[in-house]
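> okay, here's the prediction I keep looking at, along with the sequence it came from:
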Amino acid sequence: MIAYVWAEDEDKVIGRDGKLPWHLPADMAFFKKVTLQGDIVMGRRTYETIPKRPLPGRRNIVLTSNQDYEAPGALVVHSKEDALALGKEYGDDLYIIGGASLFKMFEEDVDILYRTRIHAHFKGDTHFPQDFGYGKFECIRSEAGPVDDKNKYAHTYEVWRRKNR
Ligand SMILES: NC(=O)c1ccc[n+]([C@@H]2O[C@H](COP(=O)([O-])OP(=O)(O)OC[C@H]3O[C@@H](n4cnc5c(N)ncnc54)[C@H](OP(=O)(O)O)[C@@H]3O)[C@@H](O)[C@H]2O)c1
């Protein structure tokens, strides 16, 4: 099984200046709970946004074109095919966690979407693909996240499943 896990604002913004534009610990906890079930696959830039990398408790797979790239404790791959092959080799589910280029790259492969919708507008320079084919998916869960002192933004956790697969 291949899944996407990400958070976006009302304009599909996912990043700014190499960081997340928001602070939303409830979504971080949700992300952790979901991704601990398998391996995570990410682009090199996303990997470098993680302060204490690799993320513990799950295999971290990093995609880069740099043949000399070193990521101690993580697995480095140089193509989508290599990432998919690793998932098969280990028999693990793959959680694609970004960034934008990977969300385009795996569109034909992904089975499940874990989308957190943040009901706010942020400035950003990185977006989830505007033309993503949601018509091939159905929303099977939608649940409001908590809003409190630590989580200022209203947000919704959605799960989408590919139709007829
Ligand atoms: N809101 C969210 O859920 C979320 C999730 C993830 C990331 N983000 C944000 O998004 C931003 C980073 O995302 P991004 O889209 O700029 O970068 P990215 O997708 O994380 O990484 C891009 C890099 O991946 C490698 N890559 C991509 N396609 C490749 C291919 N076909 N073959 C080999 N290597 C390939 C390249 O690395 P090399 O340059 O090393 O070759 C490329 O520069 C940050 O602001 C981050 O905080 C947000």
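Yep, that arrived. Residues are numbered from 1 along each chain as shown.

> up against the ligand, what does the chain have?
When proximity is defined as CB under 6 Å from any ligand atom, the chain approaches the ligand at 6-7, 14-15, 18-20, 42-46, 49, 63-66, 78-79, 97-102, 126. C-beta: built from backbone N, CA, C; applies to glycine.

> out of the residues you listed, which are buried?
Among these, those that count as buried by neighbour count (16 or more other CB atoms under 10 Å) are 6-7, 14-15, 20, 42-46, 63, 97-100, 102, 126.

> now, those that are in helices?
Arg44, Arg45, Thr46, Ala100, Leu102 (DSSP state H).

> which stretches in the chain count as helices?
25-35, 44-48, 80-90, 100-105.

> as CSV, these with mean pLDDT would be great.
Shown next, in CSV, are those (pLDDT from 0 to 100):
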stretch, mean pLDDT
helix 25-35, 98
helix 44-48, 97
helix 80-90, 95
helix 100-105, 97
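
> compute the first-to-last residue distance for stretch 20-28.
11 Å (CA to CA, to the nearest Å).

> identify the residues contacting it?
7, 9, 13-15, 49, 116, 118, 120, 122-124, 145-146, 150-153, 155, 157 (CB atoms under 8 Å, 6 or more residues apart in numbering).

> contacts for stretch 131-144?
Contacts to stretch 131-144, defined as CB under 8 Å, 6+ apart, come from residues 103, 107, 113, 154-163.

> tell me the buried residues in that stretch?
Buried residues in stretch 131-144, counted by 16+ other CB under 10 Å: Phe132, Phe137.

> so for that stretch, mean pLDDT?
Mean pLDDT, stretch 131-144: 98.

> can you tell me how far the spatially most central residue of the chain is from Ile61?
Ranked by distance to the mean C-alpha position of the chain (CA atoms, centre = their mean), the top residue is Ile97 at 2.2 Å. Ile97 is 10 Å from Ile61, where distance means CB to CB, to the nearest Å.

> cool, and Gly73?
12 Å.

> ok, the two, which is more surrounded?
Ranked by neighbour count (other CB atoms under 10 Å), Gly73 and Ile61 place Ile61 first, with 26 against 10.

> these two touch, right, the more buried one and Ala74?
Yes - contact criterion CB atoms under 8 Å: Ile61 and Ala74 qualify, at 7.0 Å.
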